[in-house]
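Enquirer: kindly return the folded structure for what I paste below:
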Amino acid sequence: MSLDTKDVAHIAKLARLAIADEEMQAYAKSLSKILNFVEQLNAADVANVDPMAHPLAGQVQRMRDDQITETDAHEKYQQNAPRVEAGLYLVPKVIE
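Expert: Take a look at the predicted model:
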């Protein structure tokens, strides 16, 4: 897929990017290369490839023990809140 400067200008507008006119051609060329590479990846036959949970077969991730390291300090934090009721922060209504 090949992009021209008009396509790049449209993409830049959607992304709210300011791209100078003299840079448009370079961006069009770079984006076209990226899209061509994606097309090559899409053309790869992966019908007989099993999905993997881990790229290295037979290995697992080391997980740390799930242990509580901090105490519950919500009362301390709520002392700084302007309004609290029943352990909940009260905020102004923003939706009618």
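Enquirer: and the spatially most central residue of the chain, how far from Ala9?
Expert: Geometric centre of the chain, nearest residue: Ala15, 15.2 Å, by Cα atoms, centre = their mean. Separation of Ala15 from Ala9 (Cβ to Cβ, to the nearest Å): 11 Å. No exception for glycine: its C-beta is placed from N, CA and C like everyone else's.
Enquirer: Ala12 contacts Ile19, correct?
Expert: Yes. With contact defined as Cβ atoms under 8 Å, Ala12 reaches Ile19; the gap is 4.7 Å.
Enquirer: now the helices for this structure?
Expert: Applying DSSP state H to the chain gives helices spanning 5-14, 21-43, 74-78.
Enquirer: quick check: which of those helices is buried the most?
Expert: By mean neighbour count, with neighbours taken as mean count of other Cβ atoms under 10 Å, helix 5-14 ranks first of the helices of the chain at a mean of 14.
Enquirer: contacting residues around it?
Expert: When contacts are defined by Cβ atoms under 8 Å, 6 or more residues apart in numbering, helix 5-14 is touched by residues 3, 18-19, 24-25, 27-28, 31.
Enquirer: okay, and the common contacts of Ala12 and Ile19?
Expert: What both Ala12 and Ile19 touch, as defined by Cβ under 8 Å, 6+ apart, is the set Tyr27.
Enquirer: sorry, back to before: which of the contacts of helix 5-14 lies closest to Thr71?
Expert: Within these, proximity to Thr71 (Cβ to Cβ) peaks at Ala18, which comes in at 49.7 Å.
Enquirer: please save the CA atoms from the worst-scoring helix or strand of the chain on mean pLDDT in CSV.
Expert: Lowest on mean pLDDT, DSSP states H and E among the helices and strands of the chain sits helix 74-78, with a mean of 90. As requested, the backbone C-alpha atoms of helix 74-78 are provided in CSV (Å, rounded to 0.1, in the frame of the first residue of the first chain):
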residue,chain,number,x,y,z
HIS,A,74,-8.2,4.5,54.4
GLU,A,75,-9.2,6.3,57.6
LYS,A,76,-5.9,8.2,57.5
TYR,A,77,-6.4,9.1,53.8
GLN,A,78,-10.0,10.2,54.4
